[in-house]
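# Here is my input, please return the structure:
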Amino acid sequence: MAVQTSESHLLIIEDDQGRKEFTLDHPVYSIGRDRNCDIRLISQFVSRRHATLVRLPRDDSSHRYYYRIVDGDAKGKPSSNGIMVNGRKMLGHDLKNQDEIVFGPQVRAIYYLLRDTMRVGQTDSSEYDITLINPGMTEDIED
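Presented below is the predicted three-dimensional model:
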């Protein structure tokens, strides 16, 4: 039986408006305070175009990819305060599962690489949907 692995890339943002989840599937994302950014950060401490996420192919022939975060906009203009990845100030970083990116005070993101392994030919669990019945619900009604 063959095994297939699918990957999902997820970015969870926390800013002044709370928590938001973004499933990453586009080749490029702009991140920042500007209302035209793909991933908008709500904070006065964040640059209008604070960072850019770029999807790149993996070196192996697995047809998979990874995301690299780069400080600043797509044209190379850096942000005012930079980005910190896992506590270190960086200009760019290849994201790995559970990396933490800090854009400013109370503005951060956590990147998740989720792998879902499925055996080809495996049945969907919904095929075995079992409804449990509380015995109290089936009391016999006596005449």
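# So, low pLDDT: which residues of this protein?
Applying pLDDT under 70 to the chain flags the ranges 1-4, 61, 63, 118-143.
# what about K96, neighbour count?
Neighbour count for K96, taken as other Cβ atoms under 10 Å: 13. To be clear about C-beta, it is placed using only N, CA and C from the backbone, and glycine gets the same treatment.
# Work out for me the element I69 sits within.
strand 65-71 (DSSP states H and E).
# Give me the buried positions along that strand.
By neighbour count with 16 or more other Cβ atoms under 10 Å, strand 65-71 contains the buried residues 66-67, 69-71.
# nearest to N97, of those?
Y66 (10.4 Å; Cβ to Cβ).
# right, and out of the buried residues of strand 65-71, which lies closest to I13?
Using Cβ to Cβ, I69 is the member of these that lies nearest I13, at 12.5 Å.
# what's near enough to touch the closest one?
31, 51-54, 83, 85, 92-93, 95, 101 (Cβ atoms under 8 Å, 6 or more residues apart in numbering).
# quick one: which of those residues has the most company?
Using other Cβ under 10 Å as the neighbour criterion, I31 leads the contacts of I69 with 28 neighbours.
# A strand includes that one, no?
Yes: according to DSSP: H, G, I helix; E, B strand; the rest coil, the state of I31 is that of a strand.
# ok, back up a step: filter the contacts of I69 down to just the ones in strands.
When DSSP state E is applied, these are split such that 31, 51-54, 83, 85, 92-93, 101 fall in strands.
# I'd like these as TSV, with distance to L11 appended.
Listed next are the ones in strands among the contacts of I69 as TSV, based on distance: Cβ to Cβ, whole Å:
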residue	distance to L11
I31	9
A51	11
T52	13
L53	8
V54	13
I83	13
V85	13
G92	16
H93	13
I101	8
